[in-house]
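Q: When you get a sec, could you give me coordinates for this:
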Amino acid sequence: MNSSGAPIWNPFREGFLEDLHKDLRRYREQNPVHKGINKQWMLFKYQDVKRTLADPIFETISISQMTRAAAARFENSRKFDGLAEATEKWVLFLDPPEHTRVRTLISNAWKKFDLDAVIRRIVRIVLDRISERDEVDLIRDFAMPIPTQVMCKILGFPVEDFERIKTWSAAFELLLEQFVTVDTLLGANKRAEEFYSYTVRAVEAKTGKPEDDLISMILAENQKLDQPLSTSEIISIISQLIMAGIETTSGILGQSILELIRNPSQKEVLIGNGSITPTAIEELVRFTSPAPIALRTPLEDVEFGGHLIRKGEVIVAYIASANRDADVFDQPDVLKLDRQPNPHLAFGHGFHYCLGAALGRAEIRIAIPALLNKYPALDQHPEKQHVWEPHFSIRRLNSLPVVFR
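A: You can find the predicted model right below:
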């Protein structure tokens with residue numbers, strides 16, 4: 001707390017991960033605009049977060065530039081080149097006109113891909129393997145392998161390489177974190193270099209012999225540009241697709257199952273219907289908010305709640321808090337699969353709206369009903385607790401032991 005007794009954002013408080021939304025409610029109600037322990041401006045109210053995401057006066061913060069700036073403080077400033085190059089063309093951190101150019105390229109390639117067929121096949125395989133296990137961890141055995149293998153199949157990587165792809169995805173996700181050690185980043189940089197070597201071979205092979213996969217489609221769209229992207233830039237785009245397509249989707253799937261177990265009446269609705277409605281999908285996305293924050297910086301001085309934020313200062317727009325704002329959502333902490341309207345911000349807002357939203361929705365629509373229809377008595381393990389991943393930029397479970405009663 002500060003000198004006036006108002007709560008200050010502190011992700012190191014004991015119980016922060018488990019009780020996240022209790023803390024966010026306190027910030028919204030008692031101190032909705034303040035500087036957290038990271039000395040950055042934190043915004044917790046829906047309208048403030050939406051404004052920050054939508055108004056072009058707020059610029060994204062390049063993770064690639066931040067990584068290079070951090071590396072410059074070390075004697076060997078090239079230690080983080082792998083990570084910096086891997087994030088150079090992440091659409092998440094680009095602004096127009098470059099954002100428009102890269103986003104259009106990816107969107108045109110996405111449109112040509114049949115997502116449902118790929119997802120259904122992989123979900124079926126994953127569920128068959130679950131039935132062979134004596135003990136099941138829903139994250140290890142369901143929420144993680146589905147999006148990882150889906151991304152492998154879509155991009156044209158061998159599905160049997162999904163464990164390696166997952167390791168690389170986790171390394172890229174660390175770049176979004178507010179608090180990481182130098183040793184952790186050095187390890188992540190090594191993984192990024194491994195990813196580059198692996199992917200450049202795939203890109204070169206598909207350049208000469210295109211296949212029916214997303215990388216080949218991106219390469220084809222790239223040749224239509226007046227100024228085609230380089231191989232390094234293409235690989236950077238692929239790294240973002242992998243990170244976003246795996247980490248956030250696994251976050252939604254794992255959290256959704258946990259929340260449905262905690263809300264048996266809502267779980268029964270899905271089992272009874274045998275499918276999931278678009279309305280229910282949006283509520284699970286709102287409730288779980290797997291990408292809870294977005295970083296921005298204003299191009300001029302701005303004011304929020306009587307606080308002056310100077311040009312160039314860092315703003316953390318807390319999307320997960322906005323999605324539980326009682327000014328916008330009735331009973332925001334209650335899971336209502338029939339909630340309407342539901343103007344959540346979980347997939348962003350404005351021109352930075354999530355490129356992979358359709359993929360995420362498709363995986364929820366197919367995977368969750370398939371799991372619950374096959375295992376309707378699914379419940380948490382009576383003796384083993386779930387464990388949260390100790391991260392702040394991507395909210396997901398590390399472990400969710402379950403039983404099939």
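
Q: could you pull out the strands for the chain?
A: Secondary structure of the chain (DSSP state E): strands at 33-35, 41-43, 58-60, 136-137, 293-298, 302-304, 307-309, 315-318, 378-380, 387-388, 397-399, 401-404.

Q: any idea which residue sits dead centre in the chain?
A: Geometric centre of the chain, nearest residue: residue 248, 3.0 Å, by Cα atoms, centre = their mean.

Q: any chance you could map the helices in the stretch 151-300 of the chain?
A: 162-173, 182-208, 214-222, 231-243, 249-262, 264-273, 278-288 (DSSP state H, counting those that start in this stretch).

Q: Could you measure from the residue nearest to the centre of the chain over to residue 296?
A: Per Cβ to Cβ, to the nearest Å, residue 248 is found 19 Å from residue 296. The way it works is simple: take the backbone N, C-alpha and C, and place the C-beta from them, glycine included.

Q: What of residue 330?
A: From residue 330 over to residue 296 the distance is 28 Å, taken as Cβ to Cβ.

Q: more crowded one of those two?
A: Under the criterion of other Cβ atoms under 10 Å, the comparison of residue 330 against residue 296 puts residue 296 first, with 22 against 8.

Q: Quick check, that one in contact with residue 317.
A: Yes. With contact defined as Cβ atoms under 8 Å, residue 296 reaches residue 317; the gap is 6.1 Å.

Q: joint contacts of those two?
A: Taking Cβ atoms under 8 Å, 6 or more residues apart in numbering as the contact rule, residue 296 and residue 317 both touch 52-53.

Q: give the contact list for residue 151.
A: Contacts of residue 151 (Cβ under 8 Å, 6+ apart): 157, 165, 241-242, 245-246.

Q: ugh, typo on my part, it should be residue 368
A: Residue 368 sits next to 253, 256-257, 260, 270, 276, 284 when contact means Cβ under 8 Å, 6+ apart.

Q: per-stretch mean pLDDT over the strands of the chain, give me the minimum one.
A: Mean pLDDT values for the strands of the chain show the minimum at strand 58-60, a mean of 90.

Q: so what secondary structure elements neighbour that strand?
A: Using 3 or more Cβ pairs under 8 Å, 6 or more residues apart in numbering; DSSP states H and E as the contact test, the elements touching strand 58-60 are strand 293-298.

Q: Which other helices and strands does the strand it packs on contact?
A: helix 46-54, strand 58-60, strand 315-318, helix 319-322.

Q: can you list contacts of the last one?
A: Helix 319-322 has contacts (Cβ under 8 Å, 6+ apart) with 20-21, 24, 27-28, 44-46, 48-50, 53, 289, 291-294, 328, 345-346, 348, 395.

Q: Run the chain-centre distance for that helix.
A: Put simply, helix 319-322 sits 14 Å off its chain's centre (Cα atoms, centre = their mean, to the nearest Å).

Q: now do the third one
A: The chain centroid and the centroid of strand 315-318 are separated by 15 Å under Cα atoms, centre = their mean.

Q: in its sheet, what does that strand sit against?
A: strand 41-43 (parallel), strand 293-298 (antiparallel) (DSSP bridges).

Q: Show me what that strand is in contact with.
A: By Cβ under 8 Å, 6+ apart, the list of residues contacting strand 315-318 reads 24, 27, 36, 38, 40-44, 48-49, 52-53, 58, 292-298, 309.

Q: possible to save the contacts of residue 151 as TSV with distance to residue 374 and neighbour count?
A: Formatted as TSV, the contacts of residue 151 follow (distance: Cβ to Cβ, whole Å; neighbours: other Cβ atoms under 10 Å):
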residue	distance to residue 374	neighbour count
157	27	21
165	26	22
241	29	25
242	28	26
245	24	23
246	23	28
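
Q: Could you dump these into JSON lines and include pLDDT and distance to residue 106?
A: Shown next, in JSON lines, are these (pLDDT from 0 to 100; distance: Cβ to Cβ, whole Å):
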{"residue": "157", "pLDDT": "96", "distance to residue 106": "17"}
{"residue": "165", "pLDDT": "95", "distance to residue 106": "18"}
{"residue": "241", "pLDDT": "88", "distance to residue 106": "8"}
{"residue": "242", "pLDDT": "91", "distance to residue 106": "13"}
{"residue": "245", "pLDDT": "91", "distance to residue 106": "12"}
{"residue": "246", "pLDDT": "94", "distance to residue 106": "16"}
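
Q: Could you single out the nearest of those residues to residue 204?
A: residue 157 (14.0 Å; Cβ to Cβ).

Q: wait, isn't that closest one in contact with residue 166?
A: No. When contacts are counted by Cβ under 8 Å, residue 157 is not listed as touching residue 166 (11.5 Å).

Q: what about the helices in the stretch 301-405 of the chain?
A: Using DSSP H, counting those that start in this stretch, helices in the stretch 301-405 of the chain cover 319-322, 357-374.

Q: just the angle between the longest one and helix 278-288, please?
A: Interaxial angle of helix 357-374 relative to helix 278-288 (axes from the mean of the first three to the mean of the last three Cα atoms, to 10 degrees): 100 degrees.

Q: looking only at pLDDT, what's the mean for helix 357-374?
A: Per-residue pLDDT over helix 357-374 has a mean of 94.

Q: in it, what's buried?
A: Using 16 or more other Cβ atoms under 10 Å as the burial criterion, the residues of helix 357-374 that qualify are 359-372.

Q: mind checking which of the helices of the stretch 301-405 of the chain is nearest residue 109?
A: Among these, the nearest to residue 109 by Cβ to Cβ is helix 357-374 (12.5 Å).

Q: got the angle for that closest one vs helix 264-273?
A: 90 degrees.

Q: Give me the angle between helix 357-374 and helix 231-243.
A: 30 degrees.

Q: So what angle separates the directions of helix 357-374 and helix 249-262?
A: Inter-element angle recorded for helix 357-374 and helix 249-262: 40 degrees (by the same axes, to 10 degrees).

Q: Number of residues surrounding residue 180?
A: Neighbours of residue 180 using other Cβ under 10 Å come to 15.

Q: Let's see the pLDDT reported for it.
A: Note on residue 180: pLDDT of 75.

Q: I'd say it and residue 186 touch.
A: No. The pair residue 180 / residue 186 is not scored as a contact, 10.3 Å apart, by Cβ under 8 Å.

Q: Residue 265: what's it in contact with?
A: Residues near residue 265 by Cβ under 8 Å, 6+ apart: none.
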